[in-house]
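A.B. asks: Pasting the sequence and the predicted model now:
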Amino acid sequence: MGKSTQTGNHKSDRKKHIARTWKTKHRTKDLDQIHSDMTTEAAAKLLHQAVDSDVTGCAQHYCLHCARYFVDLRSMKEHFKTKVHKRRLKKLREEPYTQAEADRAAGMGSYIAPKKVEVKTQTVEEDMN
């Protein structure tokens, strides 16, 4: 006879989760991309976008640190209080990995510890319309 092809019920769950992680449908920006967005010029462009009806909330309510759009100001303020947002802020405190750091790790220089970057939740300007 031979061994049954099904050897456990939990292995199929693992395959589903792995497949989900590789899909790009819910892919967000990487931390180094967000760090480049946090520069003054890029942040000003992202926070003051023109009205776009194809984007959630007409692109008027954007969380710079999480790279997410929100429907209205209230939901964005609630997002600022969540664990997801606070974890992202904590991850963004560390300086992004650079080519110079990669060279030092390969033996072409001495080790320098990554610097800490001060990251605070963005200020919200309420429109009085």
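C.D. replies: Done, it's in. Since the structure is predicted, the reported quantities are computational estimates derived from the model, not experimental observations.
A.B. asks: How far off centre is stretch 85-98?
C.D. replies: 9 Å (Cα atoms, centre = their mean, to the nearest Å).
A.B. asks: Give me the residues contacting it.
C.D. replies: Under the contact criterion Cβ atoms under 8 Å, 6 or more residues apart in numbering, stretch 85-98 has outside partners 31-32, 34-35, 38, 63, 65-66, 79, 114-121. For every residue, glycine as well, the C-beta is placed using N, CA and C.
A.B. asks: The residues you listed in helices, which ones?
C.D. replies: Leu31, Asp32, Ile34, His35, His79 (DSSP state H).
A.B. asks: Could you report the distance from Asp32 to Ala113?
C.D. replies: 18 Å (Cβ to Cβ, to the nearest Å).
A.B. asks: Strands of the protein, start to end?
C.D. replies: 62-63, 68-69 (DSSP state E).
A.B. asks: Out of those strands, which is closest to Ala19?
C.D. replies: Proximity to Ala19, assessed across these by Cβ to Cβ, is greatest for strand 68-69 (23.4 Å).
A.B. asks: How are the helices of this protein distributed by residue range?
C.D. replies: 11-22, 31-37, 40-47, 73-80, 83-92, 99-105.
A.B. asks: Nearest residue to the middle of the protein?
C.D. replies: Cys66 (4.4 Å; Cα atoms, centre = their mean).
A.B. asks: which of Asp32 and Ala113 has more neighbours?
C.D. replies: Legend: neighbour count by other Cβ atoms under 10 Å for Asp32 and Ala113, higher for Asp32 (12 against 6).
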